[in-house]
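Visitor: what shape does this take:
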Amino acid sequence: MSLDSRPLIRPFKGLRPRRADAAAVAAPPYDVLSSDEARQAAIDRPLSFLHVSKAEIDLSPDVDHHAPEVYARSAENFRRMIDTGVLRRDERPGYYAYRLVMGEHVQLGLVAVASIAAYDSNRIRKHEFTRPDKEDDRVRQIEALNAQTGPVLLAHADDPVVERLLRQATEGVAVADLTADGGIRHTLWAIDDGDGVARISARFNAMPSLYIADGHHRSAAASRVAAARRGRTAAGDSAEYFLSVIFPASQMRIMDYNRVVRDLGGLSEAAFLAAIDERYTVAPSANPVRPERTGVCGMYLGGAWFRLEVRPERVAMTDPVRRLDVSLLAEQILGPLLGIVDLRRDTRIDFVGGMRGLAELERRVKSGEMAVAFAMYPTPMAELMAVADAGQVMPPKSTWFEPKLADGLVSHVLD
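Guide: Sure, this is the predicted structure:
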């Protein structure tokens with residue numbers, strides 16, 4: 001089969017914990033916790049998948065997190081979980097329905113392996129640049145384990161048939177059901193009947209595209225591993241697919257990704273406000289400002305909140321990237337007024353996920369660590385898809401997806 005003719009997704013033999021061990025195994029994604037936080041979270045949790053995804057926690061704290069012994073320990077811990085039966089591989093290929101519940105929010109998606117060929121041809125669409133060092137880390141991890149253990153979060157255009165098929169799957173007995181940190185409930189159902197698998201496959205493979213929501217480095221690393229393995233006579237084609245969880249776009253929950261800046265670039269507060277007023281309508285607010293729509297952001301400066309609404313003539317409506325709120329802030333305030341043009345490398349700016357709330361923005365400024373904070377409206381999923389469809393990339397730290405997937409509930413072994 002040629003690469004171009006491969007299906008968009010396909011079923012696979014998942015490696016997963018026994019139901020009784022699922023809660024003990026499940027862990028936050030590898031890039032959500034620092035090594036110190038992971039080390040603390042894994043205390044008295046010998047089965048936690050953190051021992052695989054962040055194996056430096058089992059070594060001396062002064063060991064470089066990307067040293068060969070870290071990947072070797074990860075592989076050792078992974079193999080031990082398999083050898084002791086904590087992780088078991090399903091006997092036949094299938095899919096899995098994955099439901100996340102966070103408070104009143106519910107999303108139901110599909111665990112599958114997605115085509116590297118579709119990723120390489122941009123049928124699976126991207127919206128972020130990747131960093132080579134982070135790609136290298138994921139490549140080493142995949143090669144050490146001979147498995148993909150961190151799923152890529154994908155989105156698809158809403159499809160009522162897919163929704164119905166997945167709802168039907170949830171009528172069976174769950175193979176994993178747990179409530180993790182933060183009160184997030186993760187439930188997994190196996191879909192391994194031939195008719196159900198065939199219907200799901202047909203529906204997804206007819207879709208024109210999928211969209212990467214989170215996991216650009218994981219998918220890029222999987223593509224590199226697949227390219228390196230092609231042509232090996234003993235290599236199977238499982239490396240031509242990457243582990244993913246795919247949700248309908250309307251169910252994806254994007255939270256605000258806020259900005260804090262250390263200084264005003266030599267401007268006084270009064271001069272800074274006057275300069276902003278040329279670009280945004282500025283209104284003082286007696287209460288913290290949580291933006292209610294695109295084009296609006298909140299600002300905390302000098303112990304006070306302000307509501308900023310961009311002046312319409314400043315918005316390039318035909319450009320899917322430049323019309324984003326995070327782009328407008330960068331083009332109208334961060335760059336021209338504060339001299340911050342490289343959001344990836346400039347140490348004067350930091351980013352605060354919306355889960356921490358507006359109080360965290362106030363705290364960072366009141367402490368004197370930062371001079372000003374900006375509360376952003378969450379980037380709409382439709383805007384992310386428009387950027388990806390245009391073949392463009394979003395500014396750094398544009399989206400923060402919640403709830404997060406769990407590592408360890410299903411892994412993809414590369415045969």
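Visitor: from here on, contacts and neighbour counts on C-alpha atoms
Guide: Noted.
Visitor: which residues in the stretch 251-400 of the chain form strands?
Guide: For the stretch 251-400 of the chain, the strands defined by DSSP state E, counting those that start in this stretch occupy 254-255, 257-261, 280-285, 296-301, 304-310, 349-353, 372-375, 400-401.
Visitor: can I get these in a markdown table including distance to Asp31?
Guide: Output for the strands of the stretch 251-400 of the chain, formatted as a markdown table (distance: least, Cα to Cα, whole Å):
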| stretch | distance to Asp31 |
| --- | --- |
| strand 254-255 | 17 |
| strand 257-261 | 16 |
| strand 280-285 | 35 |
| strand 296-301 | 28 |
| strand 304-310 | 32 |
| strand 349-353 | 14 |
| strand 372-375 | 23 |
| strand 400-401 | 13 |
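Visitor: can you say which of those is packed in most?
Guide: Ranked by average neighbour count under the criterion mean count of other Cα atoms under 10 Å, the strands of the stretch 251-400 of the chain are headed by strand 372-375 at a mean of 26.
Visitor: per-residue confidence at the residue lying closest to Arg364 once chain neighbours are set aside?
Guide: Leaving aside its sequence neighbours, Arg364 sits nearest to Met370 (Cα to Cα, 6 or more residues apart in numbering; 5.7 Å). At Met370, the model reports a pLDDT of 98.
Visitor: show me where the protein dips below the pLDDT cut-off.
Guide: Residues of the chain meeting the criterion pLDDT under 70: 1-5, 233-236.
Visitor: please repeat the previous calculation with a cut-off of 80.
Guide: For the chain, the stretches flagged by pLDDT under 80 are 1-5, 231-236, 317.
Visitor: one step back: give me the neighbour count for the residue nearest to Arg364.
Guide: 21 (other Cα atoms under 10 Å).
Visitor: touching stretch 66-85 from outside, list them.
Guide: Outside stretch 66-85, the residues that touch it by Cα atoms under 8 Å, 6 or more residues apart in numbering are 47, 51-56, 58-59, 87-88, 137, 140-141, 144-145.
Visitor: okay, buried residues for that stretch please.
Guide: In terms of neighbour count (16 or more other Cα atoms under 10 Å), stretch 66-85 has its buried residues at 70-78, 81.
Visitor: before we move on, what about stretch 124-133?
Guide: Buried residues in stretch 124-133, defined by neighbour count with 16+ other Cα under 10 Å: 124-128.
Visitor: and if you look at stretch 216-226?
Guide: Buried-residue list, stretch 216-226, by 16+ other Cα under 10 Å: 216-226.
Visitor: which one among the residues you listed gets closest to Thr149?
Guide: Thr149 lies nearest to Arg218 out of these, by Cα to Cα, at 9.6 Å.
Visitor: on the three-state scheme, that closest one is what?
Guide: Here Arg218 is recorded as helix under DSSP: H, G, I helix; E, B strand; the rest coil.
Visitor: out of the buried residues of stretch 216-226, which comes closest to Leu328?
Guide: His216 (23.7 Å).
Visitor: who's in contact with Ala169?
Guide: By Cα under 8 Å, 6+ apart, the contact set of Ala169 is 97, 189-191.
Visitor: quick one: residues contacting Asp237.
Guide: Shown in contact with Asp237 (Cα under 8 Å, 6+ apart): Asp415.
Visitor: so how far is Ala382 from Leu100?
Guide: As judged by Cα to Cα, to the nearest Å, Leu100 and Ala382 stand 21 Å apart.
Visitor: who has more neighbours, those two?
Guide: A direct count of neighbours by other Cα under 10 Å for Leu100 and Ala382 places Leu100 higher, at 21 against 12.
Visitor: so that one makes contact with Leu108?
Guide: Yes. Look at Leu100 against Leu108 with Cα atoms under 8 Å: they come within range, at 6.5 Å.
Visitor: confirm Leu154 sits in a strand?
Guide: Yes. Counting by three-state DSSP, Leu154 is part of a strand.
Visitor: what is the burial count for it?
Guide: Using other Cα under 10 Å, Leu154 has 25 other residues around it.
Visitor: packing partners for whichever strand or helix holds His51?
Guide: Applying DSSP states H and E as the criterion places His51 in helix 50-53. The contact analysis (3 or more Cα pairs under 8 Å, 6 or more residues apart in numbering; DSSP states H and E) places helix 50-53 against helix 68-83.
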